[in-house]
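K.L.:
pasting the sequence and the predicted model now:
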Amino acid sequence: REAMDANADLVTSMSHDIRTPLTVLLGYLNVMKLHSPDEEMLSYINASEKTALRLKKLSDDMFSYFLLFGGGAAEVDMQEYDAYTLFNQMLSEHVLLLREQGYTVVSDVDEMKSGALTVRTDANLLKRIIENVGSNILKYADAEKPVLLSGRLEGEVLRLSVTNDIKRDNTDAESNGIGLKTCRKLASEIGAELYTEKSEDKFTVTLVMPVRVMEDKK
């Protein structure tokens with residue numbers, strides 16, 4: 001317990017020490033943009049900003065990863081929700097963002113629209129999973145190909161899948177997978193499972209959650 005507490009203090013301190021100068025750096029870069037730099041200098045500023053944002057994301061991922069895997073279980077508040085309403089609220093924001101960024105999103109979640117399904121989950125942890133998946137799509141998906149979103153009911157299990165084509169000219173270094181590892185852990189905390197499948201040109205994330213089919217709708 002003493003070792004875990006010491007590690008927690010260390011990671012918390014490191015995360016703060018990394019985020020603070022990065023926030024200042026991002027502020028300076030925004031100020032530099034306001035001074036009408038020439039095209040070449042602006043390209044350097046944008047590249048620096050992109051790198052700083054990536055470092056900030058890695059810091060956030062490291063902190064979240066430690067809280068889940070090194071600092072004990074996440075606090076879980078399980079409540080029952082209408083499945084379609086919950087997922088529609090959480091997914092619609094990310095679908096809109098993807099479309100604004102030039103992606104075509106094809107959604108097929110009709111099996112959740114009946115109002116006959118309820119899901120018991122922690123809405124905040126579920127939201128973190130969906131946000132991470134949406135972030136990965138923006139980083140690694142080919143915007144020229146559609147993103148496929150589907151919801152399938154198999155008995156009393158709901159399978160929510162997102163499939164995208166992999167961006168071939170991606171210049172970002174491949175991540176170390178902390179985000180997906182965190183998502184898998186979060187899924188286990190809410191009684192769900194998260195699977196990934198990768199081929200040469202496609203990537204699929206599937207969230208499998210138990211649901212309750214209302215007796216009068218079976």
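P.N.:
Cool, the structure landed. Numbers count the residues shown, from 1 in each chain.
K.L.:
low-confidence ranges in this protein?
P.N.:
Low-confidence segments of the chain (pLDDT under 70): 4-5, 8, 12, 15-16, 61, 63-75, 110-115, 169-177, 214-218.
K.L.:
longest strand in it, please.
P.N.:
Counting residues, the longest strand found in the chain (DSSP state E) is strand 202-213.
K.L.:
packing partners for it?
P.N.:
Counting contacts by 3 or more Cβ pairs under 8 Å, 6 or more residues apart in numbering; DSSP states H and E, strand 202-213 is packed against strand 117-121, helix 123-140, strand 157-165, helix 178-189, strand 193-198. Every C-beta, even on glycine, is put in place using the N, C-alpha and C of the backbone.
K.L.:
CA atoms of that strand as PDB?
P.N.:
What follows is strand 202-213, C-alpha atoms only, in PDB (Å, rounded to 0.1, in the frame of the first residue of the first chain):
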ATOM      1  CA  LYS A 202      -9.500  -1.900 -41.700                       C
ATOM      2  CA  PHE A 203      -9.900  -1.400 -38.000                       C
ATOM      3  CA  THR A 204     -12.900  -2.400 -35.900                       C
ATOM      4  CA  VAL A 205     -13.700  -1.700 -32.300                       C
ATOM      5  CA  THR A 206     -16.600  -3.700 -30.700                       C
ATOM      6  CA  LEU A 207     -18.100  -3.000 -27.300                       C
ATOM      7  CA  VAL A 208     -20.200  -5.900 -26.000                       C
ATOM      8  CA  MET A 209     -22.600  -5.100 -23.200                       C
ATOM      9  CA  PRO A 210     -25.300  -7.100 -21.400                       C
ATOM     10  CA  VAL A 211     -28.800  -5.500 -21.800                       C
ATOM     11  CA  ARG A 212     -32.200  -6.300 -20.400                       C
ATOM     12  CA  VAL A 213     -35.000  -6.900 -22.900                       C
END
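K.L.:
direction-wise, compare it with strand 193-198 and give the angle.
P.N.:
Calculated by axes from the mean of the first three to the mean of the last three Cα atoms, to 10 degrees, strand 202-213 forms an angle of 160 degrees with strand 193-198.
K.L.:
strand 202-213 vs strand 157-165, what angle?
P.N.:
Between strand 202-213 and strand 157-165, the angle comes out at 160 degrees (the same axes, to 10 degrees).
K.L.:
for the helices and strands packed on strand 202-213, give me a markdown table that also has distance to residue 27.
P.N.:
Output for these, formatted as a markdown table (distance: least, Cβ to Cβ, whole Å):
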| stretch | distance to residue 27 |
| --- | --- |
| strand 117-121 | 37 |
| helix 123-140 | 22 |
| strand 157-165 | 33 |
| helix 178-189 | 26 |
| strand 193-198 | 36 |
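K.L.:
so for residue 26, which of the ones you listed sits nearest?
P.N.:
helix 123-140 (17.5 Å; Cβ to Cβ).
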